[in-house]
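**Q** Here is a sequence together with a model predicted from it:
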Amino acid sequence: LAKTTQPISMDSYEGQEVNITCSHNNIATNDYITWYQQFPSQGPRFIIQGYKTKVTNEVASLFIPADRKSSTLSLPRVSLSDTAVYYCLVGALNTGFQKLVFGTGTRLLVSP
Amino acid sequence: GAVVSQHPSRVICKSGTSVKIECRSLDFQATTMFWYRQFPKQSLMLMATSNEGSKATYEQGVEKDKFLINHASLTLSTLTVTSAHPEDSSFYICSARDVAGEYNEQFFGPGTRLTVL
């Protein structure tokens, strides 16, 4: 499983755009990139997933360059409720099971 | 998205007792579920993979005789912490993979806070 590297923490203010970059230099051809959000004392929640280029949903965008060795989660106009830990994971999707290995994550603090 | 529940949400027990934690996929079937442990301010650590109808696969360093896993049906996996000690106090989280989902992602339960006195 590809190892990921993220900043330990980030600070932002309400209304700003936040970009969290994740490095995954050893990503394999079959690996997808998935981001999860975790609030204190809760299980992680799926945010977004992608393989290449750009993916956008109602809560975030995911930018993946052509070499796929990194990815950037973009949160538009963050609010206080976006304060959480964000995890970047890579792994293969197949007909079997997908074993997720969590890295340190990025602790995002949004201030007023 | 799909829903995964855990019961209980928190439990306090005396040292030496056993505690059972249930993980259920409420609106989908999961042949595979995962159990994680998370200590304060740390990331999730995968403990074991629970396979329906077969033995669980444990990660290196996780004692299979201490953390008993049973996956008797496609919607239920249980984790039993046997002879619990204070160092087993942690946040236990399960997840289940919805292979029929749009993103084939894992859905996580809300977690169980275990405190061993």
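**A** Okay, I see it.
**Q** ok, so what distance separates the residue in chain B positioned nearest to chain A from A:Lys52?
**A** Distance from chain A to each residue of chain B (CB to the nearest CB) is smallest for B:Phe108, at 3.3 Å. In short, each C-beta sits where N, CA and C put it, glycine included. Going from B:Phe108 to A:Lys52 by CB to CB, to the nearest Å gives 26 Å.
**Q** For chain A, give me the ranges with low pLDDT.
**A** Filtered on pLDDT under 70, chain A yields the residue ranges A:1-2, A:93-98.
**Q** Now with 80, please.
**A** A:1-2, A:92-100 (pLDDT under 80).
**Q** With chain B instead?
**A** Checking chain B against pLDDT under 80 turns up B:1-2, B:98-105.
**Q** element containing A:Gln37, please.
**A** Taking DSSP states H and E as the definition, A:Gln37 sits inside strand A:31-38.
**Q** Next: A:Ile48.
**A** Using DSSP H and E, A:Ile48 falls in strand A:45-50.
**Q** returning to what we had before: need the contact list for the residue of chain B closest to chain A.
**A** A:36, A:43-45, B:4, B:93-95 (CB atoms under 8 Å, 6 or more residues apart in numbering or on different chains).
**Q** Can you report how many residues lie near B:Gly111?
**A** 23 (other CB atoms under 10 Å in any protein chain shown).
**Q** So it is in contact with A:Ser41, correct?
**A** Yes. B:Gly111 is within contact range of A:Ser41, at 6.5 Å (criterion: CB atoms under 8 Å).
**Q** Now for the two: what residues contact both?
**A** Between them, B:Gly111 and A:Ser41 share the contacting residues B:Phe91, judged by CB under 8 Å, 6+ apart.
**Q** Just give me the residue right at the centre of chain A.
**A** A:Trp35 (3.3 Å; CA atoms, centre = their mean).
**Q** For it, which non-adjacent residue is spatially closest?
**A** A:Ile47 (4.5 Å; CB to CB, 6 or more residues apart in numbering or on different chains).
**Q** Do I have it right that the one you found meets A:Glu58?
**A** No. The criterion here is CB under 8 Å, and A:Ile47 misses it with A:Glu58 at 10.3 Å.
**Q** In terms of packing, which of these two has more residues around it?
**A** A:Ile47 (20 against 5).
**Q** Now do the SS call for the residue in chain A that chain B sits nearest to.
**A** Closest to chain B within chain A is A:Gly43: 3.3 Å, counting by CB to the nearest CB. A:Gly43 falls in the coil class when you classify it by DSSP: H, G, I helix; E, B strand; the rest coil.
**Q** what about it, how many residues close to it?
**A** Count around A:Gly43 with other CB under 10 Å applied: 23.
**Q** now B:Asn70
**A** Neighbours around B:Asn70, by other CB under 10 Å: 15.
**Q** That one sits in which helix or strand?
**A** In this assignment (DSSP H and E), B:Asn70 forms part of strand B:67-73.
**Q** List the neighbouring strands of that strand plus their orientation.
**A** strand B:76-81 (antiparallel) (DSSP bridges).
**Q** After the partner strand, heading C-terminal, what element do we hit next?
**A** Using DSSP H and E, the helix or strand that directly follows strand B:76-81 along the chain is strand B:90-97.
**Q** Could you check how far that next one is from the centre of its chain?
**A** In terms of CA atoms, centre = their mean, to the nearest Å, the centre of strand B:90-97 is found 4 Å from the chain centre.
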